[in-house]
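1. Here is my input, please return the structure:
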Amino acid sequence: MSAPSTIDHHARGYSVRLAYWMAQAAALAYQDEAAVEQTARQWGFDEVRHHHTRFTPPFPLEDTQAYTIASDHMIITGFRGTEPAQIRDWLSDATTPPWPGPGNTGYIHYGFGEALDSVFPSVRDALAELRSNGQTVWFTGHSLGGALAMLAGCRLYLEEPRLQADGIYTYGQPRTCDRLLAAACNKGFKDRLHRFVNNNDIVPQLPPEPAYTHVETLRYIDSSGRIRSSMPLLGALADRAKGLTADALAPAGDGIRDHTIKQYVTALQKNLT
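-> Numbers count the residues shown, from 1 in each chain. Predicted structure coming up:
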């Protein structure tokens, strides 16, 4: 089935259609500023703000990028992710020190703390400026961008409640925080935080437990491409095994292939009705 031709600026709550468009918005974060501005206009957003910070060694990432687009009824902030191999390398390092969580609640991986702090003031200021008409606010991101989208939403909830997001959609998000902060997010974003995991995507399995965990909300895309709101442990294990055998020539690469934002967009498009 073909995808809808435009995003619904009046959308509220959860829907597969909105999830599809938020995945498109997460993918847009990987584009350059000119492409973001052109696409924003095509989607009906007449205001665009860019958020960009470049790091210096020894920080493992080169920079953090995000954008905010606004119309009269909707505001979207999209956070850029990073390459699977790169994020896997530094998320696998369990020796890094923790970083205080938003509102000094719990803690998060230091890389997330550095990246979020580098762009959060710019994002907060853009929302304060652009939210002049009571627009709904949505955060989205893929991979590292998903972690930043979740944490930015949590930080607004705990520190700037007047700017609180109406919904957060993440794709291939890594484990982001400890259990204390996860509990705060579960309470503050019930039915508003939607974490998508595509079958054997390797990144949501990092950083290692038990230091880091996920929020409760999960929308699992199984090996056949169907979105499931819940998946029993044994069923999930069997489905992941099925996904590994789908490509007999390169089963070890399934976790990387399943992580790409293109795979998420394609899966969500197939689920549109």
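
2. Give the residue spans of the stretch 1-150 of the chain that score low on pLDDT.
-> For the stretch 1-150 of the chain, residues meeting the criterion pLDDT under 70 lie at 1-4, 54-62, 84-96.

3. In it, mark out all the helices, start to finish.
-> Ranges of helices within the stretch 1-150 of the chain are 16-28, 33-42, 84-91, 110-130, 144-159, based on DSSP state H, counting those that start in this stretch.

4. Quick one, which of these gets closest to Q173.
-> Smallest distance to Q173 across the helices of the stretch 1-150 of the chain (Cβ to Cβ): 3.2 Å, for helix 144-159. Using the backbone N, CA and C atoms, a C-beta is placed for each residue, glycine as well.

5. could you give the angle of that closest one to helix 16-28?
-> Interaxial angle, helix 144-159 versus helix 16-28 (axes from the mean of the first three to the mean of the last three Cα atoms, to 10 degrees): 110 degrees.

6. avg pLDDT for the very next helix or strand once past helix 144-159?
-> Counting by DSSP states H and E, the next helix or strand C-terminal to helix 144-159 is strand 167-171. For strand 167-171, mean pLDDT is 96.

7. what's the very next helix or strand once past strand 167-171 packed up against?
-> Using DSSP H and E, the helix or strand that follows strand 167-171 in sequence is helix 179-188. If you count contacts as 3 or more Cβ pairs under 8 Å, 6 or more residues apart in numbering; DSSP states H and E, helix 179-188 packs onto strand 107-109, helix 144-159.

8. Determine which stretch of the helices of the stretch 1-150 of the chain is the most buried.
-> Of all the helices of the stretch 1-150 of the chain, helix 144-159 has the most neighbours on average by mean count of other Cβ atoms under 10 Å, namely a mean of 26.

9. okay, that helix in PDB with CA atoms only?
-> These are the backbone C-alpha positions of helix 144-159, laid out as PDB (Å, rounded to 0.1, in the frame of the first residue of the first chain):
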ATOM      1  CA  LEU A 144      21.700   7.700  19.200                       C
ATOM      2  CA  GLY A 145      19.100  10.200  18.000                       C
ATOM      3  CA  GLY A 146      16.400   8.000  19.600                       C
ATOM      4  CA  ALA A 147      18.200   8.100  22.900                       C
ATOM      5  CA  LEU A 148      18.500  11.900  22.700                       C
ATOM      6  CA  ALA A 149      14.800  12.300  21.700                       C
ATOM      7  CA  MET A 150      13.800  10.300  24.800                       C
ATOM      8  CA  LEU A 151      16.100  12.200  27.100                       C
ATOM      9  CA  ALA A 152      15.200  15.600  25.800                       C
ATOM     10  CA  GLY A 153      11.500  14.800  26.300                       C
ATOM     11  CA  CYS A 154      12.300  13.500  29.800                       C
ATOM     12  CA  ARG A 155      14.300  16.600  30.600                       C
ATOM     13  CA  LEU A 156      11.500  18.900  29.600                       C
ATOM     14  CA  TYR A 157       9.100  16.900  31.600                       C
ATOM     15  CA  LEU A 158      11.300  17.200  34.700                       C
ATOM     16  CA  GLU A 159      12.700  20.700  34.200                       C
END
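
10. Give the closest residue to S122 in space, chain neighbours not counted.
-> Counting by Cβ to Cβ, 6 or more residues apart in numbering, S122 lies nearest to H51, which is 4.3 Å off, once chain neighbours are set aside.

11. about what we covered before: which one of the helices of the stretch 1-150 of the chain lies nearest to I202?
-> Per Cβ to Cβ, nearest to I202 of these: helix 84-91, 6.4 Å.

12. sorry, back to before: want to throw the helices of the stretch 1-150 of the chain into TSV with distance to Y220?
-> Shown next, in TSV, are these (distance: least, Cβ to Cβ, whole Å):
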stretch	distance to Y220
helix 16-28	13
helix 33-42	28
helix 84-91	19
helix 110-130	23
helix 144-159	15
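
13. May I ask which helix or strand encompasses V265?
-> Element membership of V265 [criterion: DSSP H and E] is helix 261-270.

14. Now do the residue nearest to S122 against R257, distance only.
-> 29 Å (Cβ to Cβ, to the nearest Å).

15. The residue nearest to S122 contacts L127, correct?
-> No: using Cβ atoms under 8 Å, H51 makes no contact with L127, being 11.0 Å away.
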